[in-house]
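# Sequence first, predicted model second:
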Amino acid sequence: MKNLFFLFFTVFIYTSAISQIDSVTYGISALTIDSGIILSKISVSDGNVAKISLNAVAQVPAGYGRTIDPLHHVFYYATGSDLLALDLNTGELIRKISIRNYLNSIFLGINYNYRDSTLYGIAVDAAVMNINLAKLDPYTGSVTPISDSSLATSYNVLTGTALDPVHGIYYFETIKNPSNHLIGADIHSGRLISDLSIGIDTSERFGPMEYNCHDTTLYGLAGNYMHGRKLARINPDNGAVTVLSRFSVADTIPNEYATIDPFQQIFYFEAIDHTYRGVNINSGDLVTMSSITPLPGSYFTGFLFNHTCYFHAASFIGENKIHPELTIFPNPVSDKINIRSSNPLFKVEILDFTGKPVLTEYCHGLKEFREDLAGFSDGMYIVRATNESTCVSSEFVKIASGRHPGY
């Protein structure tokens with residue numbers, strides 16, 4: 001009975017953590033006179049920006065990337081030399097660390113992956129000739145390359161990056177003649193998955209692009225300043241672009257990000273006239289437009305919608321809870337746990353009930369793995385096993401040594 005109560009309690013705490021994730025569009029208010037930033041949020045209905053931080057953080061604004069860890073309520077802002085972690089609730093600076101770049105490169109396109117609680121991006125050298133998939137430690141600032149060699153010889157900063165956590169692929173665009181290419185890299189091995197010509201006219205561009213967790217699709221704006229922009233989606237398997245809008249939704253756009261509300265199915269972006277616009281991703285029609293009213297003496301940038309879509313989707317870390325490819329025993333476990341797979345394993349991870357990895361082991365093709373959990377706290381955990389093509393997960397309960405289920 002105590003075990004069942006404890007399991008219920010841990011699930012309750014986990015569910016409570018998820019329920020605290022809001023559906024708000026956050027961003028940075030960058031001061032125009034002094035060098036400072038303020039965590040803020042924007043109302044999509046009227047464009048009004050409200051500040052969250054009580055005081056500005058002394059920092060020169062820079063567009064090297066932003067992302068949100070929704071489970072731990074952290075807004076990450078990369079400035080090139082530093083990584084800032086801001087509390088979504090209070091706007092306070094949690095920490096500011098120096099980014100220790102790999103081989104004097106610049107870390108760009110930061111994306112948080114909910115499956116392994118990791119910050120991914122690309123390490124770009126000064127000449128923008130070598131681009132490696134990399135990950136950034138949010139506590140030490142260390143940048144670790146994942147890909148063994150350069151994935152591309154150029155990077156289009158105007159089109160942004162995207163991470164597909166379901167398939168474990170990181171996307172960015174390159175500048176090539178006659179057409180730009182969509183690059184896809186496996187986030188586990190760093191190997192090149194795809195290098196495809198983007199199927200639009202050579203005078204146009206696709207972007208800024210954004211991944212939609214609701215339908216696992218990449219969306220972006222297609223067009224140019226002469227013919228305007230229309231919402232479109234791209235097929236990452238062949239590079240084909242499907243235009244969704246019948247009419248132009250904007251004439252010109254600044255070098256800004258885009259974001260998606262997966263529940264309302266709206267793609268948001270900023271137009272050159274500083275209006276905040278929303279386009280329905282099903283019809284391609286412009287459904288909302290409001291003038292952005294920034295905080296006095298500032299401009300609003302780096303907006304990003306915070307949501308629980310990943311955690312309620314079928315692709316959340318608890319998917320395939322009973323999977324024929326993965327066997328875990330005993331369950332509950334008090335000390336040593338055995339993990340067996342029908343396929344060779346690349347990596348085995350154990351996550352706590354908040355989704356934070358507490359153990360990671362690289363298995364180098366083994367099909368069976370054993371780990372001593374005697375030092376782990378009691379509670380519910382998730383095992384995530386990754387091979388070359390799939391990722392499967394299963395839950396187990398850790399109990400104190402000497403206790404038995406039902407006691």
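Nice, I can see it.

# Please identify the buried residues of stretch 277-288?
Residues of stretch 277-288 classed as buried: 277-281, 284, 286, 288 (neighbour count, 16 or more other Cβ atoms under 10 Å). No exception for glycine: its C-beta is placed from N, CA and C like everyone else's.

# where along this structure do the helices fall?
2-19, 309-312 (DSSP state H).

# before we move on, back to that, any idea which of the buried residues of stretch 277-288 is the one closest to Phe376?
The shortest approach to Phe376 among the buried residues of stretch 277-288 belongs to Ile281, at 42.3 Å (Cβ to Cβ).

# I'd like the distance between that closest one and Gly199.
Distance, Ile281 to Gly199, by Cβ to Cβ, to the nearest Å: 19 Å.

# do Tyr77 as well
Tyr77 is 33 Å from Gly199, by Cβ to Cβ.

# Of these two, give the one with the bigger neighbour count.
Neighbours per residue (other Cβ atoms under 10 Å) separate Tyr77 from Gly199, with Tyr77 holding more: 27 against 17.

# Grab the most central residue of the chain for me.
Tyr112 (3.3 Å; Cα atoms, centre = their mean).

# Dig out what that residue forms beta bridges with.
Leu119 (DSSP bridges).

# Could you check the pLDDT of it?
Tyr112 is assigned 94 on the pLDDT scale.

# before we move on, what about Thr360?
For Thr360, pLDDT reads 87.

# unless I'm mixing things up, it is touching Phe369, no?
No. Thr360 lies out of contact with Phe369 (Cβ atoms under 8 Å); the separation is 11.7 Å.

# So what's the residue count around the nearest residue to Lys176 once chain neighbours are set aside?
The shortest distance from Lys176 to any non-neighbouring residue, by Cβ to Cβ, 6 or more residues apart in numbering, is to Ser154 (6.9 Å). When neighbours are defined as other Cβ under 10 Å, Ser154 has 15 of them.

# residues touching Ser154, list them.
Shown in contact with Ser154 (Cβ atoms under 8 Å, 6 or more residues apart in numbering): 128-129, 131, 174-176.

# Check whether Pro254 really touches Thr275, as I assumed.
No. Contact criterion Cβ under 8 Å: Pro254 and Thr275 do not qualify, at 11.0 Å.

# The two - which one has more neighbours?
Each of Pro254 and Thr275 has its neighbours counted (other Cβ under 10 Å); Thr275 has more, 15 against 12.

# Distance check, the more buried one against Gly168.
From Thr275 to Gly168 the distance is 36 Å (Cβ to Cβ).

# pLDDT score assigned to Lys2?
Lys2 is given a pLDDT of 47.

# swap in the one 5 residues further on?
For Leu7, the pLDDT comes out at 45.

# same deal with Leu231?
pLDDT, read off for Leu231, is 98.

# Likewise for Asp215?
Reported pLDDT for Asp215: 79.

# next one: Phe353
Per the predicted model, pLDDT is 63 at Phe353.

# Please apply the same query to Ile350.
Reading off the model, Ile350 has pLDDT 89.

# Distance-wise, check the nearest residue to it once chain neighbours are set aside relative to Asp148.
Leaving aside its sequence neighbours, Ile350 sits nearest to Leu359 (Cβ to Cβ, 6+ apart; 4.2 Å). Per Cβ to Cβ, Leu359 is found 25 Å from Asp148.

# where along the stretch 1-150 of the chain do the strands fall?
25-31, 36-42, 49-51, 57-58, 66-69, 74-78, 82-87, 93-98, 106-113, 118-124, 131-136, 143-145 (DSSP state E, counting those that start in this stretch).

# Serialize those strands to a markdown table and add fields for distance to Thr327.
What follows is those, written out as a markdown table (distance: least, Cβ to Cβ, whole Å):
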| stretch | distance to Thr327 |
| --- | --- |
| strand 25-31 | 41 |
| strand 36-42 | 45 |
| strand 49-51 | 51 |
| strand 57-58 | 49 |
| strand 66-69 | 31 |
| strand 74-78 | 35 |
| strand 82-87 | 38 |
| strand 93-98 | 39 |
| strand 106-113 | 26 |
| strand 118-124 | 26 |
| strand 131-136 | 29 |
| strand 143-145 | 31 |
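
# Relative to Asp261, which of the ones you listed is closest?
Proximity to Asp261 (Cβ to Cβ) singles out strand 25-31 among the strands of the stretch 1-150 of the chain, at 7.9 Å.

# between the closest one and strand 82-87, how big is the angle?
120 degrees (axes from the mean of the first three to the mean of the last three Cα atoms, to 10 degrees).

# for strand 25-31, which positions count as buried?
25-31.

# I'd like the residues you listed laid out as JSON lines, including pLDDT and distance to Leu158.
Listed next are those as JSON lines, based on pLDDT from 0 to 100; distance: Cβ to Cβ, whole Å:
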{"residue": "Thr25", "pLDDT": "94", "distance to Leu158": "21"}
{"residue": "Tyr26", "pLDDT": "96", "distance to Leu158": "22"}
{"residue": "Gly27", "pLDDT": "96", "distance to Leu158": "19"}
{"residue": "Ile28", "pLDDT": "96", "distance to Leu158": "19"}
{"residue": "Ser29", "pLDDT": "96", "distance to Leu158": "23"}
{"residue": "Ala30", "pLDDT": "94", "distance to Leu158": "19"}
{"residue": "Leu31", "pLDDT": "94", "distance to Leu158": "24"}
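
# Ser291 against Ser45, yeah?
No. Under the criterion of Cβ under 8 Å, Ser291 is not in contact with Ser45, lying 11.9 Å apart.

# Run through the stretch 201-350 of the chain and note the low-pLDDT ranges.
In the predicted model, the stretch 201-350 of the chain carries pLDDT under 70 at residues 308-325.

# Distance check, Ile187 against Glu371.
23 Å.

# which of these two has more neighbours?
Ile187 (23 against 16).

# who are the neighbours in contact with that one?
113, 118, 120, 133, 146, 163, 168-170.

# Same check on Leu221?
Leu221 neighbours (Cβ under 8 Å, 6+ apart): 206-208, 229-232, 249-250, 253, 258, 269.

# give me the number of residues near Leu103?
11.

# Excluding chain neighbours, what is closest to it?
Going by Cβ to Cβ, 6+ apart, Leu103 has Asp125 as its nearest residue, at 6.9 Å.
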